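Engineer: Quick one, what's the 3D model for this:
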Amino acid sequence: MKKDENFYKESLFSFQNPSCVCLVDTINESPTDVKRIFKVIKDDSKLIQFAFQPNKGVVRINPKTGSVEEDNVLSKLISIDSSSINNFTKFFEKNGFLFPLNDAMNQIDDETLLKIISNLQTTVNLMSQISELTRKDYKRMLASSIYLLFASPIEISIGKNTYKISDNKRLKEILKKGREHSVNPATKQYNKDWEFEVQDSIYGTHKVHIDTYRHEVDDPESDEFWKSVYYSYVNYIDAPKNERLLIEVLFHLYENYGSFYEASATEISFLNKWKVDWKLLEDYRFKQAILEMSKFAVSEEINGNLHGIYPEYDMNLMEPRWRVDGLLSALYFSLFYMKPNVELMRLCANPKCGKYFIISRTSSKKKYCCPECANRANQNRYRARIKGLD
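Structural biologist: Modelled structure (predicted):
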């Protein structure tokens, strides 16, 4: 990907991305197992110009006029219906692929590509929720944070280059350090019910029964992950603030609702669903903990995906510039520069729209991307009221 700093001088960075041709192959490995492979080859005859513009994000530039041809390219990508990988071919043919391509036909399975886009979308949604003044959905924020922090690393090989996305090892490192903190339970002070107090940044202190603790950390049938969470909660008291908070949130979820086996961007799947009453979210202290955990998850996701970005000094313009090697790096870099206290990227409230749009934080009441969507939603509500009166 070639950089062109002179093309769009007022941007923080600008770059060129070759167009590409996309194909989707469907492989029926069995009657019930269908695999789709996204194939892409670059077209160097057509170079697409991009730049970063404040309040508009990564924009596509018209090469003839130098004007913005399409703003907020990120919102266009995450607004695409992800039910089928075929829906993304037009976007990539118009904007080029997410990673630098070699001259060969490159291929990536649909699940991997959709996961990359889902991580981007979840990060945008979580940033928006963090910045909301009055409409925070703490349950969704918690699910999104766990989804990002628990995400399995993604590796994509293109020619001799391997790209790692969302290679988030922080949670494992935190719990590993927690297990290394050895504390003898006999040294703790117990009350008459054989409970000891643990310093807790959310609630001040929290009581743990010695028999419960021993069962959780010593039972050979206990899940190793939750065993580490329980052990770290009791013993890793001097963990850095953000790490300690993450341990505490996981501990209180486990203590109240048991273990969960996966999380999507919108929901946590607990093993014992009948136990989940979400009364934890009635306490403002736990809500504040979710807010801080969400900020931690966003920072980990963005910082972990700022690859292929290099500062350099432009001798012609006599000013600092950034060199960006790929479209995905540029999209994460645009999130890096987004100011949550100033602007939000919000999903249109029209359920049939699915588009994301940027608004200023002072216009936080704006729910629709355009007047047409607002009118359509009003009409739908009116029809529903009339139907209810029949």
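Engineer: any weak-confidence spans in the chain?
Structural biologist: Along the chain, the parts satisfying pLDDT under 70 run over 1-10, 167, 184-187, 340-342, 361-364, 387-390.
Engineer: can you list the domains in it?
Structural biologist: Using automatic domain parsing, the domains assigned to the chain come out as 14-133+154-167+308-341, 170-301.
Engineer: wait, which of these is closest to Ala143?
Structural biologist: Closest to Ala143 of the domains of the chain is domain 170-301 (CB to CB; 5.1 Å). Every residue, glycine included, has its C-beta placed from N, CA and C.
Engineer: how long is the closest one from one end to the other?
Structural biologist: With CA to CA, to the nearest Å as the measure, the ends of domain 170-301 fall 11 Å from one another.
Engineer: packing partners for the lengthiest strand in the chain?
Structural biologist: The strand of greatest length in the chain, counted in residues with DSSP state E as the criterion, is given as strand 34-53. Under the contact definition 3 or more CB pairs under 8 Å, 6 or more residues apart in numbering; DSSP states H and E, strand 34-53 sits against strand 14-28, strand 57-61, helix 89-95, strand 106-109, helix 110-131, helix 327-337.
Engineer: from the middle of its chain, how far away would the longest one be?
Structural biologist: This points to helix 110-131. Averaging C-alpha coordinates over helix 110-131 and over its chain gives two centres that are 4 Å apart (CA atoms, centre = their mean, to the nearest Å).
Engineer: now do the third one
Structural biologist: For helix 89-95, the distance from its own C-alpha centre to the chain's C-alpha centre is 22 Å (CA atoms, centre = their mean).
Engineer: Would you mind listing the buried residues in that helix?
Structural biologist: Residues 89, 91-93, 95 are the ones in helix 89-95 that count as buried (16 or more other CB atoms under 10 Å).
Engineer: Repeat that for the longest one.
Structural biologist: Buried residues in helix 110-131, counted by 16+ other CB under 10 Å: 110, 113-131.
Engineer: other SSEs contacting it?
Structural biologist: Helices and strands touching helix 110-131, by 3+ CB pairs under 8 Å, 6+ apart, are strand 34-53, helix 73-78, helix 138-149, strand 154-158, helix 284-303, helix 327-337, strand 343-347.
Engineer: what's in contact with stretch 52-71?
Structural biologist: Residues external to stretch 52-71 that are found in contact with it (CB atoms under 8 Å, 6 or more residues apart in numbering): 7-8, 10-14, 47-51, 72-76, 94-95, 327, 330-331, 333-334, 337-338, 343, 358.
Engineer: where does the most centrally placed residue in the chain sit relative to Lys177, distance-wise?
Structural biologist: The centre of the chain sits closest to Thr123, judged by CA atoms, centre = their mean, with a distance of 2.9 Å. For Thr123, the distance to Lys177 under the criterion CB to CB, to the nearest Å works out to 26 Å.
Engineer: Quick check: beta-bridge partners of Phe15?
Structural biologist: Counting by DSSP bridges, Phe15 is bridged to Phe50.
Engineer: sec struct for Tyr368, please.
Structural biologist: For Tyr368, the secondary-structure state derived from DSSP: H, G, I helix; E, B strand; the rest coil is coil.
Engineer: can you pull the contacts of it?
Structural biologist: Listed by CB under 8 Å, 6+ apart, the contact partners of Tyr368 are 348-350, 353, 374, 377.
Engineer: and what of Pro100?
Structural biologist: Taking CB under 8 Å, 6+ apart as the test, what Pro100 contacts is 1, 158, 161, 308, 325-326.
Engineer: Kindly recompute the last result at 10 Å.
Structural biologist: 1, 17-18, 42, 158-159, 161, 163, 308, 325-329 (CB atoms under 10 Å, 6 or more residues apart in numbering).
Engineer: Also Leu113?
Structural biologist: Remark: with contacts taken as CB under 10 Å, 6+ apart, Leu113 is in contact with 36-38, 40, 82, 85, 88, 92, 97-98, 154, 156.
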